[in-house]
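Q: model this:
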Amino acid sequence: MDDLRRVLGRYGFPGDRESFEEELAAAIGASPTNDFEGVAAVLRAYRHRILIRNSPEAMAVLEGAPRASTHEPRV
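A: As a prediction, this is how the structure comes out:
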């Protein structure tokens, strides 16, 4: 977990470290005794984000994806 925190701070998307801590705390709080599947899911998700962020192919796809417009269409 400490390695993931360190890597998120250096290689993650902006805000990932803070979001990770919030989601991790929520998962720990929601976990029954001796059942940390929710915590494991948070760890897997953020590990995956690091892999995506550091994959040139994945980032090229994300950068080329059309973005939602904030402007209302003219009628």
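
Q: show me where this structure has helices.
A: Counting by DSSP state H, the chain has these helices, from start to end: 2-11, 16-30, 37-53, 56-64.

Q: dump those into CSV; add mean pLDDT and mean neighbour count as well.
A: C-betas here are computed from N, CA, C, even on glycine. Converted to CSV, these look like this (pLDDT from 0 to 100; neighbours: other C-beta atoms under 10 Å):
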stretch, mean pLDDT, mean neighbour count
helix 2-11, 90, 13
helix 16-30, 93, 14
helix 37-53, 92, 15
helix 56-64, 80, 10
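
Q: ok, the residue nearest the centre of the chain - contacts?
A: By C-alpha atoms, centre = their mean, the mean C-alpha position of the chain lies nearest to Y46, the distance being 4.4 Å. Residues in contact with Y46 (C-beta atoms under 8 Å, 6 or more residues apart in numbering) are L4, L8, G12, D16, F20, E23.

Q: with adjacent residues omitted, what lies nearest to the fifth one?
A: Closest residue in space to F20, ignoring its immediate chain neighbours: Y46 at 5.0 Å, by C-beta to C-beta, 6 or more residues apart in numbering.

Q: and the gap between D3 and A26?
A: Applying C-beta to C-beta, to the nearest Å, the value for D3 to A26 is 21 Å.

Q: look up phi and psi at F36.
A: Main-chain dihedrals, F36, degrees, to the nearest 10: phi -110, psi 30.

Q: near it, how many other residues are there?
A: 14 (other C-beta atoms under 10 Å).

Q: residues contacting it?
A: Applying C-beta under 8 Å, 6+ apart, one finds that F36 lies in contact with A27, I28.

Q: please apply the same query to V39.
A: L24, A27, I28, S31 are the contacts of V39 under C-beta under 8 Å, 6+ apart.
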